[in-house]
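**Q** Sequence and computational prediction follow.
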Amino acid sequence: MKRFFRLFAVILLLTTLNSQAQLKSLEASVEELTELLINPNKGDLQSLSHFKLSYGHSSGLVENRDEFIAALLKADFDFQEIDISNQSIEIIDKTAIVRHDMKAKALSLGKPTSINLRIMTVWLKQKKGWVLFARQAVKI
């Protein structure tokens, strides 16, 4: 019986450590995406996003991965500063939902603007790490 409890304790410990590692890895991916919104790089954006990405803006516009990356690189809307707060993460197997609030300063066609959004993203765990599968924002 002691062996069973020891085995159970080891499995529980390993599961907890794996969950913590997944959480840290996902948090790093979310942070990387935030950095890439400010300083976009095509290769890094492609690596961090799923080829079937659905990227929804608070205006109702929905872009696929190529459209999302092209818009960031064109910089008609150019993020200058981004502050993420109130982040929550739920991971189930190889899928995660991340919610947070985002306040940002940007240039919209060269004019200063600020935005205040609530964002939900869906991430998929792949061999190379977490990739963004879907994103939707609403104004707050």
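**A** In hand now; what should we look at? Residues are numbered from 1 along each chain as shown.

**Q** CA only for contacts and neighbour counts going forward, please
**A** OK.

**Q** And the strands in the chain, which stretches?
**A** 49-56, 62-63, 77-92, 95-108, 111-126, 129-139 (DSSP state E).

**Q** of all the ones you listed, which lies closest to residue 40?
**A** strand 77-92 (9.6 Å; Cα to Cα).

**Q** Strand partners (parallel or antiparallel) of that closest one?
**A** Partners of strand 77-92 in the sheet, by DSSP bridges, are strand 95-108 (antiparallel).

**Q** buried set for the strand it pairs with?
**A** Within strand 95-108, the residues that count as buried by 16 or more other Cα atoms under 10 Å are 96, 97, 98, 99, 100, 101, 102, 104, 105, 106.

**Q** Contact partners for the closest residue to residue 47 other than its chain neighbours?
**A** Spatial nearest neighbour of residue 47, chain neighbours left out: residue 131 (7.5 Å); criterion: Cα to Cα, 6 or more residues apart in numbering. Neighbouring residues of residue 131 by Cα atoms under 8 Å, 6 or more residues apart in numbering: 29, 47, 48, 49, 50, 123, 124, 125.
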